[in-house]
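Trainee: got a predicted structure plus its sequence, pasted below:
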Amino acid sequence: MSTPTTPQGSSGELKAEVLRSRAELAAAIDELTTRLSPGYQASRLAQEAKQAAGDAKAMLTGDKNGPAHSPRRARNAKILLGATIGLVALSAAVVTTVALRRARG
């Protein structure tokens, strides 16, 4: 059976270590609380959408400052472009269908 070991150092050093550990734990909890808050998530999503729109514009105009250096940003810009094209195609189909139905009477 092993004997319990006593920590080396004075009680002052141990108290200081406990205080440091508590401060680190409190900082970690604060950071997690912030990252999980709906407001933070919404602002982050809005920022990523703005960045994707700018990157999509750069891809269309051939701007060299586009998302070429970041695969994630390039993917987001391509998704945004694809969704926009799909939405335009769907809107055109709806408008055409409505116009044809009205023309038939």
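Mentor: Cool, got the structure. If you're wondering where the values come from, they're calculated on a predicted model, not measured in any experiment.
Trainee: sketch out the low-pLDDT regions of this protein for me.
Mentor: The model of the chain has pLDDT under 70 over residues 1-9, 65-68.
Trainee: and the helices in it?
Mentor: Assigned helices in the chain, in chain order: 11-36, 38-61, 71-104 (criterion: DSSP state H).
Trainee: tell me the most buried of these?
Mentor: Most buried of the helices of the chain by mean neighbour count (mean count of other CB atoms under 10 Å) is helix 38-61; its value is a mean of 13. Quick note: C-beta positions are derived from backbone N, CA and C, even for glycine.
Trainee: which secondary structure elements does it sit against?
Mentor: helix 71-104 (3 or more CB pairs under 8 Å, 6 or more residues apart in numbering; DSSP states H and E).
Trainee: starting at the chain centroid, how far to the helix it packs on?
Mentor: Here helix 71-104 is found 25 Å from its chain centre; the criterion is CA atoms, centre = their mean, to the nearest Å.
Trainee: by contact count, what packs against it?
Mentor: Helix 71-104 packs on helix 38-61, going by 3+ CB pairs under 8 Å, 6+ apart.
Trainee: just the CA trace of the helix it packs on, in CSV.
Mentor: The C-alpha trace of helix 38-61 is given here as CSV (Å, rounded to 0.1, in the frame of the first residue of the first chain):
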residue,chain,number,x,y,z
PRO,A,38,-26.9,34.1,-27.5
GLY,A,39,-25.8,37.8,-28.0
TYR,A,40,-22.2,36.8,-28.6
GLN,A,41,-23.2,34.0,-31.0
ALA,A,42,-25.5,36.3,-32.9
SER,A,43,-22.8,39.0,-33.3
ARG,A,44,-20.2,36.4,-34.4
LEU,A,45,-22.7,35.0,-36.9
ALA,A,46,-23.4,38.5,-38.3
GLN,A,47,-19.7,39.2,-38.6
GLU,A,48,-19.1,35.9,-40.5
ALA,A,49,-22.0,36.7,-42.8
LYS,A,50,-20.6,40.2,-43.5
GLN,A,51,-17.1,38.7,-44.2
ALA,A,52,-18.6,36.0,-46.5
ALA,A,53,-20.4,38.7,-48.5
GLY,A,54,-17.2,40.7,-48.8
ASP,A,55,-15.3,37.5,-49.8
ALA,A,56,-18.0,36.6,-52.4
LYS,A,57,-17.7,40.1,-53.9
ALA,A,58,-13.9,39.7,-54.0
MET,A,59,-14.3,36.3,-55.7
LEU,A,60,-16.7,37.8,-58.4
THR,A,61,-14.5,40.8,-59.1
